[in-house]
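> this one's structure only:
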Ligand SMILES: *[C@@H]1O[C@H](CO)[C@@H](O)[C@H](O)[C@H]1NC(C)=O
Ligand SMILES: *[C@@H]1O[C@H](CO)[C@@H](O)[C@H](O)[C@H]1NC(C)=O
Ligand SMILES: *[C@@H]1O[C@H](CO)[C@@H](O)[C@H](O)[C@H]1NC(C)=O
Ligand SMILES: *[C@@H]1O[C@H](CO)[C@@H](O)[C@H](O)[C@H]1NC(C)=O
Ligand SMILES: *[C@@H]1O[C@H](CO)[C@@H](O)[C@H](O)[C@H]1NC(C)=O
Ligand SMILES: *[C@@H]1O[C@H](CO)[C@@H](O)[C@H](O)[C@H]1NC(C)=O
């Protein structure tokens, strides 16, 4: 603690001795434009001098960096600019960092009259995301908090965007903390955090949010199949995590490979395949879809030729359409 304070005091006293009136009073101080540099770049601080100048110095706040050509600071990043015009007394700060920001003063002594030029060094730092929430998996209805911490100078703005599973990209809100209450399945997807402060291209990172929800059967296709043909009953359920399926005929559970049926599961679709439909196969089947969030079922009828089914107001079955087409063709033929 003692040493830096002592050094500082000494610097100050020296400055007062060599350059009475340091720092100069506002009357003889000249404020130049601010110097704006990016973190890591070099800053050149220029000071104009003329032949009448007897003593010159550059100060960082109240610490002397250079007095004439003599280096006072121990900071290796501060160098005196060489090969400059005689009328210029400039220093260079290499690899500028945020703590270098502040006022720098060039003090010159002309005919015993001190004068100073003050420059304000402003350090810019591109926006950067320093910490972001981990991917989360939650159940529908839960609350979640997402965090995206960003640094930069000037202070970056943080924006959240949502990319839904269906590919819709939408603005959600501003700020480092995003709170989602009673989350729905539509709110799953990736959340993009964009931090920007116009110093460079924005920094972007994403968090994946998975919302678990119980299955709901979106398609339960009822089909007509004649005896002796291959028959397929199809059941489609959306669910997260992916659903497991079970098939029943009335109360009897059906198993893959038994009783001439095969159960084929492909993600959200389950198919009950009959290798060779027989009369006994016709009837009412139930597709059950389940995951850890819940269970649901739908009934699907396998019917033969002649049976006209219109389940759930669905469109005519392919078989029915075929029969109709045939009838129309026959009528056509009879007419002519
Ligand atoms: C220089 O920067 C300071 C501090 O950020 C600010 O108060 C002042 O208005 C700026 N001056 C100019 C000329 O930009
Ligand atoms: C300027 O002074 C500040 C505060 O004492 C210090 O942190 C910084 O390193 C100094 N920069 C230079 C270039 O001397
Ligand atoms: C990010 O933030 C979390 C929560 O505040 C903290 O536990 C974690 O250590 C942070 N990670 C980093 C790299 O700072
Ligand atoms: C389907 O089953 C019937 C009666 O069991 C049989 O006569 C016929 O050959 C079978 N067809 C095929 C393609 O296996
Ligand atoms: C099929 O069975 C389900 C219940 O298992 C019943 O609700 C439905 O009405 C039945 N459908 C037909 C066409 O009989
Ligand atoms: C289908 O769902 C109904 C009502 O949710 C239930 O009563 C029935 O037992 C279920 N059927 C099967 C085979 O799981």
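Noted; the coordinates are in hand. Please read all numbers here as calculations on a predicted model, not as lab measurements. Residues are numbered from 1 along each chain as shown. Ligands and ions are numbered 1, 2, ... in the order given.
> burial measure for residue 162, as a count.
Applying other Cβ atoms under 10 Å, we find 20 other residues in the vicinity of residue 162. C-beta coordinates here come from the backbone N, C-alpha and C atoms, glycine included.
> state the distance from it to ligand 6.
Distance from residue 162 to ligand 6, counting by Cβ to the nearest ligand atom, to the nearest Å: 33 Å.
> do residue 35 as well
When residue 35 is compared with ligand 6 (using Cβ to the nearest ligand atom), they lie 73 Å apart.
> could you do residue 272 as well?
Counting by Cβ to the nearest ligand atom, the gap from residue 272 to ligand 6 is 14 Å.
> residues near that residue, how many?
For residue 272, the neighbour count with other Cβ under 10 Å is 23.
> now do residue 282
Residues near residue 282, counting by other Cβ under 10 Å, number 17.
> pretty sure it contacts residue 303?
Yes. Using Cβ atoms under 8 Å, residue 282 makes contact with residue 303 at a distance of 5.7 Å.
> residue 158 belongs to a strand?
Yes. Assessed with DSSP: H, G, I helix; E, B strand; the rest coil, residue 158 lies in a strand.
> hmm, it is touching residue 175, no?
Yes. Assessed by Cβ under 8 Å, residue 158 is found in contact with residue 175 at 6.0 Å.
> for residue 271, which non-adjacent residue is spatially closest?
Distance criterion Cβ to Cβ, 6 or more residues apart in numbering; nearest residue to residue 271, sequence neighbours excluded, is residue 264 at 4.4 Å.
> I figured the one you found hits residue 257, correct?
No. Between residue 264 and residue 257 there is no contact under Cβ under 8 Å: 11.3 Å.
> of these two, which one has the most company?
More neighbours surround residue 264 than the other of residue 264 and residue 257, with 13 against 8 (other Cβ under 10 Å).
> please, which helix or strand holds the more buried one?
strand 261-266 (DSSP states H and E).
> next: residue 51.
Following DSSP H and E, one finds residue 51 outside all helices and strands.
> next: residue 36.
If you go by DSSP H and E, residue 36 is part of strand 35-38.
> what comes up buried for the next helix or strand after that strand?
Counting by DSSP H and E, the next helix or strand C-terminal to strand 35-38 is strand 43-45. Buried positions in strand 43-45, judged by neighbour count with 16 or more other Cβ atoms under 10 Å: 43, 45.
> quick one: mean pLDDT over strand 43-45.
In this model, strand 43-45 carries a mean pLDDT of 95.
> what pLDDT does residue 25 get?
For residue 25, the pLDDT comes out at 39.
> close to ligand 1: what parts of this structure are there?
Within the chain, the positions near ligand 1 by Cβ under 6 Å from any ligand atom are 33, 34, 120, 122.
> before we move on, which element is whichever residue of the stretch 101-250 of the chain sits closest to ligand 1 in?
Ligand 1 sits closest to residue 120 of the stretch 101-250 of the chain, with a gap of 4.3 Å, by Cβ to the nearest ligand atom. For residue 120, the element it lies in under DSSP H and E is strand 113-132.
> quick one: distance of that strand to the chain centre.
When distances are taken as Cα atoms, centre = their mean, to the nearest Å, strand 113-132 is centred 29 Å away from the chain's centroid.
> next: stretch 270-279.
Centre-to-centre, stretch 270-279 and its host chain are 47 Å apart (Cα atoms, centre = their mean).
> close to ligand 4, is it?
Yes. Judged by Cβ under 6 Å from any ligand atom, stretch 270-279 and ligand 4 are in contact via 276, 278.
> the nearest residue to residue 236 once chain neighbours are set aside: helix or strand, and which one exactly?
Counting by Cβ to Cβ, 6+ apart, residue 219 is the residue found nearest to residue 236 once chain neighbours are left out, at 3.9 Å. Assigned by DSSP H and E, residue 219 belongs to strand 203-221.
> quick check: next helix or strand after that strand?
From strand 203-221 onward toward the C-terminus, using DSSP H and E, the following helix or strand is strand 223-224.
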